[in-house]
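Peer 1: predicted model and sequence below, questions to follow.
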Amino acid sequence: MRKVIAALQTSVDGYIEGPNKELDWAMAEDEEAWKDINEILNSVDTIILGRVMYPEYEQYWLALLANPSGTKNENAYARRADKIPHIVISKTLDKVTWKTTRIVRDVEEIRRMKQQPGKDMVVLGGATLVSSLMNLGMIDELRLMVNPLVLGGGKALFKDVKDRHSLKLKRVKSLKSGKVSLTYST
């Protein structure tokens with residue numbers, strides 16, 4: 001059975017974006033962090049995103065495909081992501097322009113996809129989608145990149161999780177940048 005892996009960046013105090021929706025801290029160039037991202041991409045054949053995050057994701061990465069003006073790692077990610085099927089879970093989004101993307105209206109489609117052959121699937125954001133999937137028992141692995149900063153407010157990582165979820169620590173990896181990569185199974 002395929003796994004659903006949730007991969008998120010977080011601050012030490014548990015926020016995935018700052019009080020003014022800033023994400024600059026999470027996208028800082030870090031070779032070791034990009035190595036972790038590439039490790040995940042090597043193990044998956046589907047990227048899952050939520051309605052709120054997808055439009056900015058699409059705009060940013062498609063712009064880098066058209067004009068590779070990002071860092072070496074960002075440009076490489078854009079090229080890889082352009083070949084990986086994306087799913088946006090949304091009941092309200094009407095269209096997507098990225099050729100590898102399709103909209104799924106019912107989150108239960110992910111449960112059906114888990115039963116099909118293939119590599120694992122990765123959820124790259126956001127907090128509401130990850131919380132929804134956790135509440136439904138559909139997250140098999142949680143990968144957190146803990147950034148060495150305290151934001152003091154913003155969007156909480158698990159703000160919508162309703163029940164207690166026990167996790168089993170599978171891996172801890174300290175990065176030279178001060179970030180810590182944590183991998184848990186659910």
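Peer 2: Sure, I can see it.
Peer 1: hang on, E32 packs against L175?
Peer 2: Yes - assessed by CB atoms under 8 Å, E32 is found in contact with L175 at 4.2 Å. All C-beta atoms are positioned from the backbone trio N, CA, C, and that covers glycine.
Peer 1: show me the helices in this structure, by range?
Peer 2: For the chain, helices defined by DSSP state H occupy the ranges 31-43, 54-66, 72-81, 108-114, 127-135.
Peer 1: nearest to L8, out of those?
Peer 2: helix 127-135 (6.6 Å; CB to CB).
Peer 1: can you state the direction angle for the closest one and helix 54-66?
Peer 2: For helix 127-135 against helix 54-66, the angle by axes from the mean of the first three to the mean of the last three CA atoms, to 10 degrees is 110 degrees.
Peer 1: contacts for helix 127-135, please.
Peer 2: 4, 6, 8, 16, 48-50, 52-53, 89, 107, 110, 123, 139, 155-163, 165, 186 (CB atoms under 8 Å, 6 or more residues apart in numbering).
Peer 1: can you rerun that using 10 Å?
Peer 2: Residues outside helix 127-135 that contact it (CB atoms under 10 Å, 6 or more residues apart in numbering) are 4, 6-8, 10, 15-17, 48-54, 88-90, 107, 110-111, 123-124, 138-140, 142, 154-163, 165, 186.
Peer 1: just to revisit the earlier point, most packed of the helices of the chain?
Peer 2: Each of the helices of the chain was assessed for mean neighbour count using mean count of other CB atoms under 10 Å. The highest is helix 127-135, with a mean of 20.
Peer 1: this protein: strands as residue ranges?
Peer 2: Ranges of strands within the chain are 4-11, 15-17, 44-50, 86-89, 101-104, 120-125, 141-147, 155-156, 168-174, 180-185, based on DSSP state E.
Peer 1: against which helices or strands is the longest one packed?
Peer 2: Going back to what we said before, that points to strand 4-11. Applying 3 or more CB pairs under 10 Å, 6 or more residues apart in numbering; DSSP states H and E, one finds that strand 4-11 contacts strand 15-17, helix 31-43, strand 44-50, helix 108-114, strand 120-125, helix 127-135, strand 141-147, strand 180-185.
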